[in-house]
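*Asks:* predicted model, plus sequence, below.
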2 protein chains.
Amino acid sequence: MTDLASRQVEVPEGVIDLGVGQPDASVLPIGLIEEAAIRALSTPDPEALLQYGADQGDGRHRLVLSRYLASAYGVDVHPAHLVTTNGTSQALDMICTRLTRPGDVVVVEEPTYFFALGIFADHGLEVVGVPMDDEGIDLVALETVLVESARRQTPARFVYTIPASQNPTGLTSSWDRRQELAEMADRHATLVVADEVYQLLHYVEGPPPPMSALVPSGSVISLGTFSKILAPGLRLGWAHTTPDLALHLAGSGLIASGGGLNPLVSGLVTEVIDRGDLAIHVDRLREEYQHRVEVMDQALRTEMPEHVTWSTPTGGYFFWLRLPEGTDGAEVRRRARHHDVDVREGNLFTTGGTLREYIRLSFAYYRGDDLVEGVSRLARALHSAL
Amino acid sequence: MTDLASRQVEVPEGVIDLGVGQPDASVLPIGLIEEAAIRALSTPDPEALLQYGADQGDGRHRLVLSRYLASAYGVDVHPAHLVTTNGTSQALDMICTRLTRPGDVVVVEEPTYFFALGIFADHGLEVVGVPMDDEGIDLVALETVLVESARRQTPARFVYTIPASQNPTGLTSSWDRRQELAEMADRHATLVVADEVYQLLHYVEGPPPPMSALVPSGSVISLGTFSKILAPGLRLGWAHTTPDLALHLAGSGLIASGGGLNPLVSGLVTEVIDRGDLAIHVDRLREEYQHRVEVMDQALRTEMPEHVTWSTPTGGYFFWLRLPEGTDGAEVRRRARHHDVDVREGNLFTTGGTLREYIRLSFAYYRGDDLVEGVSRLARALHSAL
């Protein structure tokens, strides 16, 4: 029997999968997209949406996006510095194709977004993990790796970082650390690829500026996406970098042949941004997710056994729980499944298997009661595991 | 000043660029897409269009597409054998990422679609051209290349072919040649990547079946796209291959991370196919392009100097003109530009620069009077060059 699923993740009936790092149906703006489609296809130049697109992405889209980012990021953003992408995953894949060769080193935070590792593996890259502290990536350890890989004639092509509300730890790197990272990359003639997917989903005031602000330093590619702030199914995002790097990425064989990425969808999203609807929607998302953080945090405080610890997330999608010493996250996950709840074990996110005492929970895919029930089931599984 | 263009190609005012291999605005089905967007976002499950998509592509989309292809191709097509792509360019890029490493050999027809060469270059592949005769790729020459690359320990990963209405020659490979090519690939443990972009745009009765029909032989990946039969801006296509290869492609890091490709757009196109509108639109395109072929053919017969020869296209987008012996296509192109008309010189499409006496014209981007005027300008340029 053929699998004719519509979604990437189909959670079995009755299960609460707190591992799913995706928005749920209730926050997907179907009405906005439908209105935008009608408006975009009724503009004086609708053919542009259906034709092969400009290599860096539609001009009006990049203009409108640059204004939105300038306001939302509080950063100077120019359309010539933007390349339209199919989202962060495709941007990473294109960066690997255009800027690396098999055997090259890429540096990642330890732990990191584990699906990025699959993209790096497709390109035959050697992935080196560098630990983090409370401020972000450990710069002393990073410099050692950069020096060592240069010495071995396998220079690190880039450092992959998730500066805001990191996946999986929820950690937000400090502004100082972000600046020092960009400076270090510059000194060692490498790049910082900053996956800023959660930069706009902050639930406390005054987060540090995005690494996008450091683009003028010349060594930063900042990746953004509409997946988390509008809808994943759009497959639309952007890379913000120097004009030279933007042209180099847009000069890929893929784009020279097929034209700029996703002209139709970028035309729809232009309408959503231009009417101010994106800003309003992001405000709503912040409010909704902040509420879910509070619900989950309260449930965890009530239900978790002693010696399970976490920091309350200030943005993004995730709680990163440290289990009591000696507890195996993978074993907890197995037991959790018997209680019809699922999580992700910490070692999924590592290159070295050093985080067995952690699990990652997400509050993005469920609302109020389901979050409480999921945490309650997890607590039962944990009690049985300890 | 930033380039804020909307389109990949912007032809200067007053110029007729017969080199552009893209559909013109008059054949882009804006109304169909708008209606489809409204319908798709009003179905009982519109969230599926906005969520991370199933890895091989939306199930209903693949089901509806498989039925359309079965009817239009006259071939057995099963949804499990299809992978949704962002079009042929992205499919080629993904095939290179998943199935090749730098230094590997890929074989192309000589001449071939020159933008594919840019994709292969991004992946560090060694491209070997094999000549064609009237029936398709020269199998004796191909076998020599396959044997030689295996002997050198750089096996040919695939043979890239455009079986129907080839770009740039307009040549349609015979059914025998297609079968023999698939058998030869199988014998030499390599693949045929068949770019079947013009398979459905045939203007005479009874074209050979697509190489898609040879998928059961196990060595064919057939690539299709909605770019030429609906609109390039959709960035949507498909790969038809064995279930194993389909799963391998859909198992890319890119898709594991970002989900199946283009869920929103595939949802819209499902509606266009399911209502029968695609079949009607393709019939209209055939009629329109056949008319343009007749207009251009007649204009060429009237205007071209002696010893310029061509075959009247039976499908696709292109006329492939052989110039009088000793005439340089690149020089003709330079002169043509002085007459406000443009073409593409034959050597653009070669790996070896052996086709200087050819030029490629397209009838896809212009209608009646513009085609006649373009040919007339080209004739003046040619007369001045001879």
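*Replies:* Okay, I see it.
*Asks:* list the buried residues of the longest helix belonging to chain A.
*Replies:* If you go by DSSP state H, chain A has its longest helix at helix A:277-303. Residues of helix A:277-303 classed as buried by neighbour count (16 or more other C-beta atoms under 10 Å in any protein chain shown): A:277-279, A:281-282, A:285-286, A:288-290, A:292-293, A:295-297, A:299-300, A:303. Placement of C-beta: from N, CA and C, glycine included.
*Asks:* surely residue A:377 and residue A:339 touch.
*Replies:* Yes - taking C-beta atoms under 8 Å as the definition, residue A:377 is a contact partner of residue A:339 at 4.4 Å.
*Asks:* got the contact list for residue A:302?
*Replies:* Going by C-beta atoms under 8 Å, 6 or more residues apart in numbering or on different chains, residue A:302 touches no other residue.
*Asks:* how close does it get to chain B?
*Replies:* Distance, residue A:302 to chain B, using C-beta to the nearest C-beta, to the nearest Å: 31 Å.
*Asks:* now residue A:239
*Replies:* Applying C-beta to the nearest C-beta to residue A:239 and chain B gives a distance of 14 Å.
*Asks:* and that residue, what does it touch?
*Replies:* Residue A:239 neighbours (C-beta under 8 Å, 6+ apart): A:82, A:83, A:85, A:91, A:95, A:221, A:222, A:223, A:224, A:246, A:249.
*Asks:* give the bridge partners for it, please.
*Replies:* Applying DSSP bridges to residue A:239 gives these bridge partners: residue A:83, residue A:223.
*Asks:* can you give me the pLDDT of it?
*Replies:* pLDDT recorded at residue A:239 is 98.
*Asks:* do residue A:122 as well
*Replies:* 98.
*Asks:* which residue, other than its chain neighbours, is closest to it?
*Replies:* residue B:253 (4.4 Å; C-beta to C-beta, 6 or more residues apart in numbering or on different chains).
*Asks:* doesn't residue A:125 make contact with the one you found?
*Replies:* No - Residue B:253 lies out of contact with residue A:125 (C-beta under 8 Å); the separation is 10.5 Å.
*Asks:* what about the spatially closest residue to residue A:232 that is not a sequence neighbour, distance to residue A:171?
*Replies:* Ranked by C-beta to C-beta, 6+ apart and with sequence neighbours excluded, the top spatial neighbour of residue A:232 is residue B:52, at 4.5 Å. Residue B:52 sits 24 Å away from residue A:171, taking C-beta to C-beta, to the nearest Å as the criterion.
*Asks:* quick one: the helices in chain A?
*Replies:* Using DSSP H, the helices of chain A run over A:30-40, A:47-50, A:59-69, A:88-99, A:114-122, A:139-151, A:175-187, A:243-250, A:253-258, A:263-274, A:277-303, A:329-338, A:368-385.
*Asks:* could you tell me which residues of the stretch 51-200 of chain A lie near chain B?
*Replies:* By C-beta under 8 Å from any C-beta of the partner chain, the residues of the stretch 51-200 of chain A that approach chain B are A:51-56, A:58-60, A:62-63, A:78-80, A:86-90, A:92-93, A:97-98, A:101-102, A:113, A:115-124.
*Asks:* list the contacts for residue A:220?
*Replies:* Counting by C-beta under 8 Å, 6+ apart, residue A:220 makes contact with A:182, A:185, A:191, A:192, A:194, A:211, A:212, A:214, A:241.
*Asks:* mind redoing it with 6 Å?
*Replies:* A:182, A:192, A:211, A:214 (C-beta atoms under 6 Å, 6 or more residues apart in numbering or on different chains).
*Asks:* give me the buried subset of these.
*Replies:* Of the contacts of residue A:220, these count as buried by 16+ other C-beta under 10 Å: A:182, A:192, A:211, A:214.
*Asks:* residue A:160 is in contact with the second one, correct?
*Replies:* No - if you go by C-beta atoms under 6 Å, residue A:192 and residue A:160 don't touch, sitting 8.3 Å apart.
*Asks:* shaky segments in chain A?
*Replies:* Low-confidence segments of chain A, defined by pLDDT under 70: A:1-2.
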